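In: what follows is a predicted structure for the sequence shown.
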Amino acid sequence: MFDLHGGHSEKGVGTIKLKDEIVTVYDLVGEVKMSPIVILSSCDTSPIDRNHNTTSNAFFLAGAKTVLASALPLTSHEASIFITRLLLRVKHYLPKRLAGNEGIRMK
């Protein structure tokens, strides 16, 4: 889970801001062991109006199997609500699905 600032210049590569340093995840490819699931709670990590050199694509190249990223700018308040709801649902429903239960039933 990465809760930080993201960016993507018009013709550059996707970046994330770690404290006072702006980093491209492409520098980490082949250097770190990546989690199979990455959640990016930051702006422009997979922007719809930029090139393919996105932060989310860099995490895929670094070894992630699933990446949840934002296509548009978002506020930290919106992001925190979404991530909280997502994690609560995973915690509640995933064990039921893995156990073979139906999980939620639609009315």
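Out: Yes, it's here. Numbering: from 1, shown residues only.

In: residue 14 versus the residue lying closest to residue 40 once chain neighbours are set aside, what's the distance?
Out: Using Cβ to Cβ, 6 or more residues apart in numbering and skipping residues adjacent in sequence, the residue nearest residue 40 is residue 69, 4.5 Å away. C-beta coordinates here come from the backbone N, C-alpha and C atoms, glycine included. Going from residue 69 to residue 14 by Cβ to Cβ, to the nearest Å gives 9 Å.

In: overlap in contacts, these two.
Out: With contacts defined as Cβ atoms under 8 Å, 6 or more residues apart in numbering, the residues shared by residue 69 and residue 14 are 45-46, 54-56.

In: send me the helix ranked longest in the chain as CSV with only the CA atoms.
Out: Scanning the chain for the helix with the most residues, using DSSP state H, yields helix 76-98. What follows is helix 76-98, C-alpha atoms only, in CSV (Å, rounded to 0.1, in the frame of the first residue of the first chain):
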residue,chain,number,x,y,z
SER,A,76,-6.5,12.4,0.1
HIS,A,77,-9.9,12.3,1.8
GLU,A,78,-11.5,10.5,-1.2
ALA,A,79,-8.6,8.1,-1.4
SER,A,80,-8.6,7.2,2.3
ILE,A,81,-12.4,6.5,2.2
PHE,A,82,-12.0,4.3,-0.9
ILE,A,83,-9.0,2.4,0.5
THR,A,84,-10.7,1.9,3.9
ARG,A,85,-13.8,0.5,2.3
LEU,A,86,-11.8,-1.7,0.0
LEU,A,87,-9.8,-3.2,2.8
LEU,A,88,-12.9,-3.7,5.0
ARG,A,89,-14.6,-5.6,2.2
VAL,A,90,-11.5,-7.7,1.5
LYS,A,91,-11.3,-8.6,5.2
HIS,A,92,-15.0,-9.4,5.4
TYR,A,93,-15.7,-11.2,2.1
LEU,A,94,-12.4,-12.9,1.0
PRO,A,95,-12.3,-15.4,3.8
LYS,A,96,-15.9,-16.5,3.0
ARG,A,97,-15.1,-16.9,-0.7
LEU,A,98,-11.9,-18.9,0.1
